Every structure is written in C-alpha cells, then in structure tokens.
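*Asks:* sharing a sequence plus its predicted fold:
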Amino acid sequence: MDFTFTEDQLAFRDSIRSVLEKEVTPASIRARWQSDHGEDSAALNMLNELGVMALLVPEAQGGLGMDWVDFILLAETCGYAALPETVVDDAMVATGMLTDLVSLGQHVDQVSALLASMATGAKRVGCAHIINPYSNFAHRKDWMLLSNGNDVHLVPRSDLTLSAVNSVDKSRRLQKIDWTPSRRTRVADGEIGAGLQRAALNRGALGTAAQLLGLAQAMIRQSVDYTSTREQFGRAIGTNQAVKHLLADCAVSVEFAGPAVYRAAYTVSVAPQRADWAVSHAKAAAGAAAELCARNAIQSHGAMGYTWECDLQIWAKRAWALSKDWGDGGFHKNRIHEWLLQPNALLGPEFTFGKRYIEIAESAAA
C-alpha cells in the first residue's frame, strides 16, 4: 500500500508555495492590517485564477471534483505562508457543506448555482459553527452558513448584523454575528442538519490542523535562518547545543504531527462517518507542535523575538489563534478519549491497516 502523495499533488503544492512566497510577504501582510477590510484582493484573484477555490467543487457544478487528500497540502502551504485570507475554511468547510446539501437533495438548484459561482470566485460563502463564538472575515462573504440548534441556514450578508471583535492576530478580522433564523433561509434541519454541522467541525478542524503544521514548519525555517547568521562571541548562535535542542524538539513534533494530519485527510475522504478521532488526533498534534515551535522560535530569536518589528510574530500569533479555532486541545483530546473507550475500538498493531485489511489477510492465508 502506497501512503505517499502523488507527483501531481506534490507539484501542485510546490507551485502554490512558490507563488505565495512571492505574493504573500510579511510586508504585504502588515499592509493588510492597515486596510479597512483586511484582505488583499489581488492575492485572492490570483488564487482563483490558479483554481484553488474550484478544487473541491464537484465537476457537475464546474469544479475540479478533487478530494481532501488533494487539498490538504494546499491548506498546509497556506499556513506556511501565513495567508490571512480564509481560503482554507471557505474551500473545506463551506464548499463541503454545500456539496453535502446537493448530494442529500436539499435545495439543489440554489446550492448548485452557488457552488458554480464559488468555483470561479464570483461568490464567497463562509461558515460559522457553534464551536467558534466569532467568525473570521464574515463581512467579506456574500453568504454565510449558520446553525440554529440542529438547523442549518444559508443567510445573505445583508441579513446579518456584525460586531467587530479584537484578536491576538491582527490578520484576523473577527466578528460576532447577530441574525434572525427564518424558514426562508433554512436549508437543512433535524438529523440532516446535525450531520452537516458535525462534518463541518471535522473539516474545519482538519483544515486548521494543516495550517498549524505549515505555520510550525515556517517558524522552524525562520529560526534556523536566524540562528545560522546571528553571531555572538564570533560564532553563530545556532552552534550552541541549547539552541540546537530547542529546534530539534520542534522538528520532532512536526514530524509526528504531519502523518496524523495526512491520515485524517484520508479518513475524511473515504470514511467521513468515522473521522472524528482521526481529525481530533491531527488537530491536537498539530496544535501542540505549532505552540511549541512558536515558544521555541521566540526563545531562539532572543529579545528580538518579542519585538513588533520581528516578522516571527505574524506566524506565532496565527499559531496561538488557530490552536484554539475549531476546538482547542482539551476538546479534541476528549473526543480521542471517547473513541478509545469504545468497546469496538480497533486498537493494537494488528489493526494498523484497518479491519478490512485483516479480513483480506486471513482470507489469503486460508
């Protein structure tokens, strides 16, 4: 069984990373902080032209019809570049919910038209979930998917009252959303609505975990670059064992978090009904890795790491914010705990490849 990414997936990841490294710089991110809306329209147009928003839209609605494994490397790359725009949440959560609505036969005509507009970048749809008290960049969306109990509503921005909320990360534009549910905006209820919200939680946590992984990698790279060139007493500070140990701990945590994120993307793609534990493992591992990298990277930079002028703060503050987004570490560890205590939990090395693998092996042996 081949667990590696394909050459096409890696090539697409590399091409997106090279574009983002040129276009999404610390200077351009700081410029966003001074703007009224907090986004770079040119960067969004560029990503739309590259087909990013069309990746997860079904082919029937004009998209590319790819899956979460195809998209996960792109989400990681967005984190590596500290992209402020909510491309990952819009593509993974909002597109996923709308696609599920079509597959369930709910408001097919309206939702299909909206998906087609999202694929081209003509319309933008966001999602607010009960686990996140505030929504990021809701003021820039044309529509919002909102929950009310088990109900899911598709609400135009004109029907929302938004109140700005400060964030530790100046790149985030959080808002408290006030709105009035109505039958006109309801697109799902009951078990269907509850299922959509559960899937949205998993996709949102998965996308956030991938971004945290990318943020952690970027902070390691910045710290290695800095400690390799910053000299003290005639030699680079990176030659000191204490600094090496800090960054080695970061590298180990990232190496352990990466497979958990990729495995969760695969599980969401092939068995979304059983993805809770895999997604929570990915989010908890990636969040812990990103927080460790932020702490050790700041320490590696010394006093400079705490200054406003140091670009490291962009990645560190994003990591602090996203580690709590779509459920914090405690929430996801509790979901893992609940899964481990199930009587039918497949635990142990004999279940590494899943129950179906064991059945095939036993059949072949017989």
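*Replies:* Yep, it's here.
*Asks:* what comes up buried for stretch 320-335?
*Replies:* Along stretch 320-335, these residues count as buried under the neighbour rule (16 or more other C-beta atoms under 10 Å): 320, 321, 322, 323, 325, 326, 327, 329, 331, 332, 333, 335. Just so you know, the C-beta spots here come from the backbone N, C-alpha and C atoms, and that holds for glycine as well.
*Asks:* who's in contact with residue 219?
*Replies:* Residue 219 makes contacts with 250, 290, 293, 294, 297, 312, 315, 316, 319, as judged by C-beta atoms under 8 Å, 6 or more residues apart in numbering.
*Asks:* again, but for residue 84
*Replies:* Contacts of residue 84 were listed using C-beta under 8 Å, 6+ apart, and they are 29, 32, 38, 39, 40, 171, 172.
*Asks:* so where's the longest helix in the protein?
*Replies:* In the chain, with assignment by DSSP state H, the single longest helix is helix 190-229.
*Asks:* okay if I get the buried residues of stretch 320-335 as TSV plus pLDDT and distance to residue 207?
*Replies:* Formatted as TSV, the buried residues of stretch 320-335 follow (pLDDT from 0 to 100; distance: C-beta to C-beta, whole Å):
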residue	pLDDT	distance to residue 207
320	96	17
321	96	14
322	97	10
323	96	14
325	96	10
326	97	8
327	95	12
329	94	17
331	95	16
332	96	14
333	95	19
335	93	17
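*Asks:* and which of the residues you listed is nearest residue 187?
*Replies:* Among the buried residues of stretch 320-335, residue 326 lies closest to residue 187 (C-beta to C-beta), at 21.4 Å.
*Asks:* ok, now how distant is residue 165 from residue 37?
*Replies:* 16 Å (C-beta to C-beta, to the nearest Å).
*Asks:* ok, the two, which is more surrounded?
*Replies:* Set side by side, residue 165 and residue 37 show more neighbours around residue 165, with 14 against 11, by other C-beta atoms under 10 Å.
*Asks:* might one say that the more buried one is in contact with residue 176?
*Replies:* Yes - the pair formed by residue 165 and residue 176 meets the contact definition of C-beta atoms under 8 Å, at 5.7 Å.
*Asks:* show me where pLDDT drops low in the stretch 151-300 of the chain?
*Replies:* Counting by pLDDT under 70, the low-confidence segments of the stretch 151-300 of the chain come to 231.
*Asks:* quick one: distance of the helix or strand harbouring residue 69 to the chain centre.
*Replies:* Counting by DSSP states H and E, the element that carries residue 69 is helix 68-80. Here the centre of helix 68-80 is set off from its chain's centre by 8 Å, with C-alpha atoms, centre = their mean, to the nearest Å.
*Asks:* repeat that for stretch 25-33.
*Replies:* Averaged C-alpha coordinates place stretch 25-33 at 21 Å from its chain's average position (C-alpha atoms, centre = their mean).
*Asks:* ok, stretch 192-205 next?
*Replies:* Using C-alpha atoms, centre = their mean, the distance from the centre of stretch 192-205 to the centre of the chain it belongs to is 14 Å.
*Asks:* in that stretch, what's buried?
*Replies:* Neighbour-count burial for stretch 192-205, with 16+ other C-beta under 10 Å as criterion, is recorded at 192-197, 199-205.
*Asks:* return the member of the residues you listed nearest to residue 92.
*Replies:* residue 203 (4.6 Å).
*Asks:* now for the closest one: which residues touch it?
*Replies:* Neighbours of residue 203 in contact, by C-beta under 8 Å, 6+ apart: 68, 92, 93, 96, 268.
*Asks:* for burial, what's the neighbour tally of the closest residue to residue 156 other than its chain neighbours?
*Replies:* Leaving aside its chain neighbours, residue 156 sits nearest to residue 143 (5.8 Å; criterion: C-beta to C-beta, 6 or more residues apart in numbering). The local packing of residue 143 (other C-beta under 10 Å) involves 24 other residues.
*Asks:* go ahead and confirm residue 143 touches residue 157.
*Replies:* Yes - counting by C-beta under 8 Å, residue 157 is a contact partner of residue 143 at 6.8 Å.
*Asks:* let me know the closest of the contacts of residue 219 to residue 11.
*Replies:* Closest to residue 11, out of all of these and judged by C-beta to C-beta, is residue 315, at 25.2 Å.
*Asks:* and the angle for the helix or strand containing the closest one with helix 68-80?
*Replies:* Element membership of residue 315, judged by DSSP H and E, is helix 312-322. For the pair helix 312-322 and helix 68-80, the angle between their directions (axes from the mean of the first three to the mean of the last three C-alpha atoms, to 10 degrees) equals 130 degrees.
*Asks:* run the chain-centre distance for helix 312-322.
*Replies:* Counting by C-alpha atoms, centre = their mean, helix 312-322 is centred 14 Å from the centre of its parent chain.
*Asks:* residues of that helix that come out buried?
*Replies:* For helix 312-322, using 16+ other C-beta under 10 Å, the buried residues are 312, 313, 314, 315, 316, 317, 318, 319, 320, 321, 322.
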